[in-house]
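Peer 1: mind folding the following:
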Amino acid sequence: MNLDFSEDQKQLKDQARRFFADKSPPAAVRVVLEGQARFDQAVWRGMAELGWLGTAIPEEYGGLGIGHLEQCVIAEELGRSLAAVPVSSSIYLAAELLMAAGSEAQKRRYLPKLASGEKIGTFAYAERAGAVTPRSIETQVTGGVLTGTKTPVPDGGIADFAIVAARAGDGLSLHVVDLAGPGVTRETVTTIDPTRDHATIRFESAPAEPLGAAREGDGIIGEVLNRAAVLTAFEQLGGADRALEMARDYALERFAFGRQIGSFQAIKHMLADMYVAGALARSNAYWAAWALSTNDAELAEAAATARVSATQAFQLCAKNNIQVHGGMGFTWQFDCHLYYRRSNLLALSLGSLSNWEDRLVDSLLNKNAA
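Peer 2: This is a model prediction of the structure:
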């Protein structure tokens, strides 16, 4: 079994690296960080023009239809650059939910606009801090209108529509809501990483369009979260790799007591730990990418494994990068904190690390029971 990417996929990776290096340098990320823009529209338009937003969206719905492996390749380079764009919300979640549960009419209405970047979608699931479970959802849908509060909603302040998880009788259902429509109010939520928009969204009898079968939302959500976890793991992998490179380069150029600080044993051990964590995460992410691209029965286990190891790797590399830089690493002028911010945000973006550890344990127990 060949678990490496093909030559075409590697060429796409190189193209993506050049694109993000040119269009999303740290200076561009800081424009959003400092509140001068809600997201990087130039990068968003560029990705749309290259067709990358529709990489895994079928051609009949306006996408490229080349597959999830290519989406993983792009996700890694996006994570490496910390590009301030709503790809995870609009593509990993909203588009995947539409492909998994949407009717033919809904797919033709929404997917081409997501693939072209004309519209931004998001998934409104959580309602409070802590683990999200079907029982924790209090938002209600009755008679085609939806009432409740969702927070924090990723990219909720810039999205055009949201796919909302709401209670319908004894189960969860999914509904599409126009965020510019009646009965919807939004309020910005401040997070550790302002380069990614978050909002509280309140629905007061907002018109809601059903997505998928009633009371089957929990199963659909679980499937799509596994897919999103793989793509997010590649973003985390890219960020971890870049943080390691930053630490290595600084350790080679910084001198103390007449020696490169990289020659000191403590720094060597720190860099070695970062490398090992990243290598483990990459191995697990490649397995998960294969499971995602083939829709293998092990996808749930592979996705949880990749999610756990990539989260741990990115957080370790981002933290140690600051430590290697010493006192300078804690300053606003250095870019270390940009990776630390993103590592902590992504660690919670699809549910906490402990939540995914529980999912991994559950998948292993189910596998053993079978």
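Peer 1: confirm residue 162 sits in a strand?
Peer 2: Yes: assessed with DSSP: H, G, I helix; E, B strand; the rest coil, residue 162 lies in a strand.
Peer 1: what's the burial count for it?
Peer 2: Using other CB atoms under 10 Å, residue 162 has 32 other residues around it. Every C-beta, even on glycine, is put in place using the N, C-alpha and C of the backbone.
Peer 1: ditto for the one 3 residues further on
Peer 2: Burial of residue 165 is recorded as 27 neighbouring residues (other CB under 10 Å).
Peer 1: now do residue 47
Peer 2: Residue 47 - counted by other CB under 10 Å - has 26 other residues nearby.
Peer 1: offset the numbering so it begins at 4, please.
Peer 2: Renumbered: residue one is now 4, and that last one reads residue 50.
Peer 1: my read is that it contacts residue 89, right?
Peer 2: No: the criterion here is CB atoms under 8 Å, and residue 50 misses it with residue 89 at 10.6 Å.
Peer 1: any chance you could list what contacts stretch 66-80?
Peer 2: 8, 12, 15-16, 19-20, 22-23, 54-62, 90, 94, 114-115, 118, 230, 233-235, 237-238, 240-241, 244, 288, 292, 295-296 (CB atoms under 8 Å, 6 or more residues apart in numbering).
Peer 1: okay, buried residues for it please.
Peer 2: Neighbour counts over stretch 66-80 (16 or more other CB atoms under 10 Å) mark 66-69, 71-80 as buried.
Peer 1: narrow those residues to those in helices?
Peer 2: Cross-referencing these against helices under DSSP state H gives 71, 72, 73, 74, 75, 76, 77, 78, 79, 80.
Peer 1: pLDDT below threshold where in the protein?
Peer 2: 4-5 (pLDDT under 70).
Peer 1: would you state the strands of it in chain order?
Peer 2: 124-127, 143-145, 148-157, 164-171, 174-181, 187-191, 201-210, 212-214, 258-259, 262-263 (DSSP state E).
Peer 1: show me the domain layout of this protein.
Peer 2: Following automatic domain parsing, the chain resolves into domains at 10-118, 124-218, 221-372.
Peer 1: just checking the distance from the last one to the centre of its chain.
Peer 2: Between the mean C-alpha location of domain 221-372 and the chain-wide mean there is a distance of 13 Å, by CA atoms, centre = their mean, to the nearest Å.
Peer 1: measure it end to end?
Peer 2: Its first and final residues considered, domain 221-372 spans 22 Å by CA to CA, to the nearest Å.
Peer 1: related to what we said a few turns ago, for the buried residues of stretch 66-80, which one is nearest residue 316?
Peer 2: residue 79 (12.5 Å; CB to CB).
Peer 1: ok, the closest one to residue 304 distance?
Peer 2: 21 Å (CB to CB, to the nearest Å).
Peer 1: same question, residue 21
Peer 2: Taking CB to CB, one finds residue 21 at 35 Å from residue 304.
Peer 1: okay, these two: which has more neighbours?
Peer 2: Taking other CB under 10 Å, residue 21 and residue 304 do not tie; residue 304 has more neighbours (21 against 11).
Peer 1: residues in contact with that one?
Peer 2: 363, 366, 367, 370.
Peer 1: for the helix ranked longest in the chain, the distance to its chain's centre please.
Peer 2: Identified as the longest helix of the chain according to DSSP H is helix 220-256. Averaging C-alpha positions (CA atoms, centre = their mean) puts helix 220-256 8 Å from its chain's average.
Peer 1: now do the buried residues in that helix.
Peer 2: 220-221, 223-224, 226-247, 249-251, 253-254.
Peer 1: with stretch 290-310 instead?
Peer 2: 290-296, 302-310.
Peer 1: equivalent analysis for stretch 329-347, please.
Peer 2: Quick answer for stretch 329-347 (16+ other CB under 10 Å): 332, 337, 338, 339, 340, 341, 342, 343, 344, 345, 346, 347.
Peer 1: of those, closest to residue 179?
Peer 2: For the buried residues of stretch 329-347, the nearest to residue 179 is residue 345 (28.7 Å; CB to CB).
Peer 1: and residue 61, how far from residue 70?
Peer 2: Residue 61 is 10 Å from residue 70, by CB to CB.
Peer 1: same thing with residue 368?
Peer 2: 31 Å.
Peer 1: also residue 45?
Peer 2: Relative to residue 70, and taking CB to CB, residue 45 is found at 27 Å.
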